[in-house]
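Student: for reference, the sequence and a predicted model appear below.
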Amino acid sequence: MIEHPWLIPLAPLLAFAINGLLGPRYLKKATGVIGSAGILAAFLLTVWLWAEGEYGEATLFEWLASGSLAINIGFLVDELTVVMLLVVTGVSFLVHVYSIGYMAHDGSFARFFAWLPLFVFSMVMLVMANNFLSLFVFWELVGVCSYLLIGFWHDRESANNAAMKAFLVNRVGDFGFAIAIFMIFWNFRTLEYGAVFAQVGQADPETVLVIALLLFVGAMGKSAQFPLHIWLPDAMEGPTPVSALIHAATMVTAGVYMVARMAPIFEVHTTALLVVGGVGAFTALFAATIAVVQTDIKRVLAYSTVSQLGLMFLALGAGVYTAAIFHLATHAFFKALLFLGSGSVIHAMHDEQEMTRYGGLRRKLKWTYGTFLVGGLALSAIFPLAGFWSKDEILAGAFMRGASLDGDGLFIVFWALGLAASLLTAFYTFRMVIMTFHGDPRDAELHERAHESPAVMVAPLALLAVLAMGAGAVLGFPPEHGLIHDFLHHAPGILHFELTGNQTIIAISLAVISTAVALLGALGAYMIYSRGAPRAESIGQFVPGMHSLLYRKYHIDEIVNYGIVATTKVLGFILWAIDAKIVDGIANLIGWTVRALGGAARQVQTGQVQNYVFLMALGAVVSVGALMIFR
């Protein structure tokens, strides 16, 4: 299989080609089956690759060559690649199956199932790339696919705006990413991962630090870290399966994967890891505070994703890369479950997304409620569900990094921020569950028409619920020596947090603390919301203005719109005025002057002899007169 790794991305690419060329006119609803089959084939091929256990690099063809630079379309297949491929293709297949039911009545069904496999193909190629240029190309293609799918319902202005916002914000991060790639080639004269990693230890540490930070800027854009997080909540304008795919298996996980893959670069200078961990910890708490007051069910989940990605970057900064990838995998399961579950609720409530109009749905949507509750427990990191094992490992790793003799004490602060984020995570998750499924219906008409989703949508929910319940223990027990830890043990750049002696007691104590914090958050949500959703004004009385501040997302969007965007527009207008009025004005003045002089000269050059004789006589008279006057 290692000799033919290109078969894995080929499957979704063929599904895209068939559906794109033939779907709208001939295949119609069959595009859903073809798209799902393509992703399933990629998953089965990945399972075959994992079962064989033979990893390495393979070259498909030479893409370009110039002097000493040769760029190949090649594949790097190692343990980290296999884990990512299993997550990406496995979750994507379930999303595709779910989409067959969710998009059944959409007039652009075939177009949807053309873009969706292309999205997966782009992510698979990104994960399998063995050089920076290939990585960047498919990094950008992932962004293009997200633009197409977020703005899928292009007849809605809000969808178009959200797609454009996602595209432009990611260009900011990608600008830093592109500069990093230029610096890598300038300093190492190669773009191959292995050749670069072999040289970074001998390079100037400050130069490597700049490269690492620029790479992280790219990761901040794709993985929605503060302040480049603003595109992700608005991306909810796309169909719910797209939201699930973006949040669980494709786009936002690309940044986490990239930093993990580039670990040899980040480890050269400890400042790089400190920045990664600090931004991640801050983003985790920052996004969690916003999620606490949102009333749109998909926006709650969107800010939850931003927060959980922050915890993954906290793990990367702490050097516990395995914990970050572990949480990436478990998060993919329960976040896909929650998004698809929210889609089932929205489907039942006739496209209504406001939780303030929900309530009492557990009696109508029994399967959706049961699976959604499992996803909520996993997200809240309640023992023994999947989220507990991976999130606890992240927090323990951050604490150990800060408490160790050769660590950085700031990671203790980052651990505290992560713990606070965990408290709020459990709170807003159970707030969401209670407002949606418990209590009395707040909109009797919508509630009366609500109905359970069809089997094609419920089946993926049930399977994801099983993974959300058991994947954590299966992959992560015993801690640091579980299946995923041992599998990633030989992956380049993957560090492991060994628990020995007193550290084991500390780790158990930290697990107890994190579990108690999660239960406290869930209990708080139950006590406040179980008797009906309180009015926002009554909550705001405790801290005046706080509810409005959180609901308006700290006014970050306004700061960006009226600060950065408005300033850019004004600057653009000034530059246009300079170009159009001054630069073009000077050029036009020169042209006018030349034309005027030419016109005057044209009046003299008539071609008639009598005119020339007259001018000669006139010149003689003027000359003689001048001599007589000024003699």
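Tutor: Thanks, I have it. Numbering: from 1, shown residues only.
Student: list the contacts of Ala254.
Tutor: For Ala254, the contacting residues are Met123, Leu126, Trp139, Val142, Ala219, Lys222, Ser223, by Cβ atoms under 8 Å, 6 or more residues apart in numbering. For glycine as for every other residue, the C-beta is placed from the backbone atoms N, C-alpha and C.
Student: how far does stretch 468-488 stretch from start to finish?
Tutor: 21 Å (Cα to Cα, to the nearest Å).
Student: which residue comes closest to Thr207 once chain neighbours are left out?
Tutor: Distances taken as Cβ to Cβ, 6 or more residues apart in numbering put Asn187 closest to Thr207, at 6.1 Å, once the chain neighbours are dropped.
Student: correction: Val217
Tutor: Of all residues not flanking Val217 in the chain, Gly176 sits nearest, at 3.1 Å (Cβ to Cβ, 6+ apart).
Student: what helices or strands is the stretch of helix or strand that neighbour belongs to leaning on?
Tutor: In this structure, Gly176 sits in helix 157-188 according to DSSP states H and E. If you count contacts as 3 or more Cβ pairs under 8 Å, 6 or more residues apart in numbering; DSSP states H and E, helix 157-188 packs onto helix 132-150, helix 193-199, helix 205-222, helix 231-234.
Student: buried deepest among those helices, which one?
Tutor: When you average the neighbours per residue for each of the helices and strands packed on helix 157-188 (mean count of other Cβ atoms under 10 Å), helix 231-234 leads with a mean of 25.
Student: now it: mean pLDDT?
Tutor: Taken as a whole, helix 231-234 carries a mean pLDDT of 92.
Student: tell me what it is packed against?
Tutor: Counting by 3+ Cβ pairs under 8 Å, 6+ apart, the packing neighbours recorded for helix 231-234 are helix 157-188, helix 297-318.
Student: before we move on, back to that, count the neighbours of the residue nearest to Val217 for me.
Tutor: Residues near Gly176, counting by other Cβ atoms under 10 Å, number 18.
Student: ok, it - contacts?
Tutor: Leu214, Leu215, Phe216, Val217, Gly218, Gly221.
Student: contacting residues for Leu328?
Tutor: Contact analysis of Leu328 by Cβ under 8 Å, 6+ apart lists Val87, Thr253, Val256, Tyr257, Met312.
Student: could you point out the longest strand in the protein?
Tutor: As assigned by DSSP state E, the longest strand anywhere in the chain is strand 56-66.
Student: buried ones in that strand?
Tutor: Glu57, Ala58 (16 or more other Cβ atoms under 10 Å).
Student: pLDDT below threshold where in the chain?
Tutor: 1-2, 405-407, 491-503, 532-544, 604, 631 (pLDDT under 70).
Student: redo that, cut-off 80
Tutor: Along the chain, segments meeting pLDDT under 80 span 1-3, 64-71, 404-408, 479-480, 490-507, 530-545, 600-615, 627, 630-631.
Student: ok, now how distant is the residue nearest in space to the middle of it from Ser122?
Tutor: Closest to where the C-alpha atoms of the chain average out (Cα atoms, centre = their mean) is Val252, at 2.6 Å. In this view, Val252 and Ser122 are 14 Å apart by Cβ to Cβ, to the nearest Å.
Student: now swap in Ser134 and tell me
Tutor: 12 Å.
Student: before we move on, the earlier item: just the ones in helices from the contacts of Leu328, please.
Tutor: Secondary structure assignment by DSSP state H places Val87, Thr253, Val256, Tyr257, Met312 of these in helices.
Student: give me the buried positions along the helix or strand following the longest strand of the chain.
Tutor: Next in sequence after strand 56-66, counting helices and strands by DSSP H and E, comes strand 69-77. Of the residues in strand 69-77, Ile71, Asn72, Ile73, Gly74, Phe75, Leu76, Val77 count as buried by neighbour count, 16+ other Cβ under 10 Å.
Student: nearest to Lys364, of the residues you listed?
Tutor: Closest approach to Lys364 among the buried residues of strand 69-77 (Cβ to Cβ): Val77, at 46.6 Å.
Student: for that closest one, what are its contacts?
Tutor: Residues in contact with Val77 (Cβ under 8 Å, 6+ apart) are Ile2, Pro5, Leu49, Tyr55, Gly56, Glu57, Ala58, Met128.
Student: can you list the residues you listed in JSON lines and add distance to Ala114?
Tutor: JSON lines is the format used below for the contacts of Val77 (distance: Cβ to Cβ, whole Å):
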{"residue": "Ile2", "distance to Ala114": "30"}
{"residue": "Pro5", "distance to Ala114": "24"}
{"residue": "Leu49", "distance to Ala114": "26"}
{"residue": "Tyr55", "distance to Ala114": "32"}
{"residue": "Gly56", "distance to Ala114": "33"}
{"residue": "Glu57", "distance to Ala114": "31"}
{"residue": "Ala58", "distance to Ala114": "28"}
{"residue": "Met128", "distance to Ala114": "22"}
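Student: ok, which pair from these is furthest apart?
Tutor: Going by Cβ to Cβ, the pair spanning the contacts of Val77 furthest: Leu49 and Glu57, at 13.6 Å.
Student: quick revisit: out of the contacts of Gly176, the closest to Val97 would be?
Tutor: Using Cβ to Cβ, the contacts of Gly176 come closest to Val97 at Gly221, 30.2 Å.
Student: touching, the closest one and Gly255? I think so.
Tutor: Yes - Gly221 is within contact range of Gly255, at 7.4 Å (criterion: Cβ atoms under 8 Å).
Student: most neighbours among the ones in helices among the contacts of Leu328, please name it.
Tutor: Met312 (31 neighbours).
Student: tell me the spacing between it and His327.
Tutor: Distance of Met312 to His327, given as Cβ to Cβ: 5 Å.
Student: related to what we said a few turns ago, out of the contacts of Ala254, which is nearest to Gly277?
Tutor: Distances from Gly277 to the contacts of Ala254, taken by Cβ to Cβ, are shortest for Ala219, at 12.9 Å.
Student: any chance of the helices and strands packed on helix 231-234 in JSON lines, plus distance to Ser390?
Tutor: Compiled in JSON lines, those are given as follows (distance: least, Cβ to Cβ, whole Å):
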{"stretch": "helix 157-188", "distance to Ser390": "25"}
{"stretch": "helix 297-318", "distance to Ser390": "9"}
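Student: picking that back up, want to throw the helices and strands packed on helix 157-188 into CSV with distance to Leu615?
Tutor: CSV is the format used below for those (distance: least, Cβ to Cβ, whole Å):
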stretch, distance to Leu615
helix 132-150, 69
helix 193-199, 78
helix 205-222, 71
helix 231-234, 74
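Student: so which of those helices is nearest Leu22?
Tutor: helix 132-150 (18.7 Å).
Student: can you get me the start-to-end distance on stretch 197-207?
Tutor: The first and final residues of stretch 197-207 sit 14 Å from each other (Cα to Cα).
Student: what does that stretch contact?
Tutor: Met183, Asn187, Phe188, Val208, Pro264, Ile265, Val268, His269, Pro492, Gly493.
Student: any idea how far Leu215 is from the first one?
Tutor: Between Met183 and Leu215 the distance, using Cβ to Cβ, works out to 10 Å.
Student: equivalent analysis for the fifth one, please.
Tutor: From Pro264 over to Leu215 the distance is 12 Å, taken as Cβ to Cβ.
Student: can you check Phe75 too?
Tutor: Distance, Phe75 to Leu215, by Cβ to Cβ: 21 Å.
Student: kindly report the same for Trp153.
Tutor: 34 Å.
Student: now do Ile290
Tutor: In terms of Cβ to Cβ, Ile290 sits 27 Å off from Leu215.
Student: how about Phe320: what's its closest non-neighbour residue?
Tutor: Residue 320: Val, not Phe. Per Cβ to Cβ, 6+ apart, closest to Val320 is Gly397, 3.3 Å.
Student: isn't that neighbour up against Ala323?
Tutor: Yes - counting by Cβ under 8 Å, Gly397 does reach Ala323; the two are 5.3 Å apart.
Student: more crowded one of these two?
Tutor: Between Gly397 and Ala323, counted using other Cβ under 10 Å, the more crowded position is Ala323 (33 against 29).
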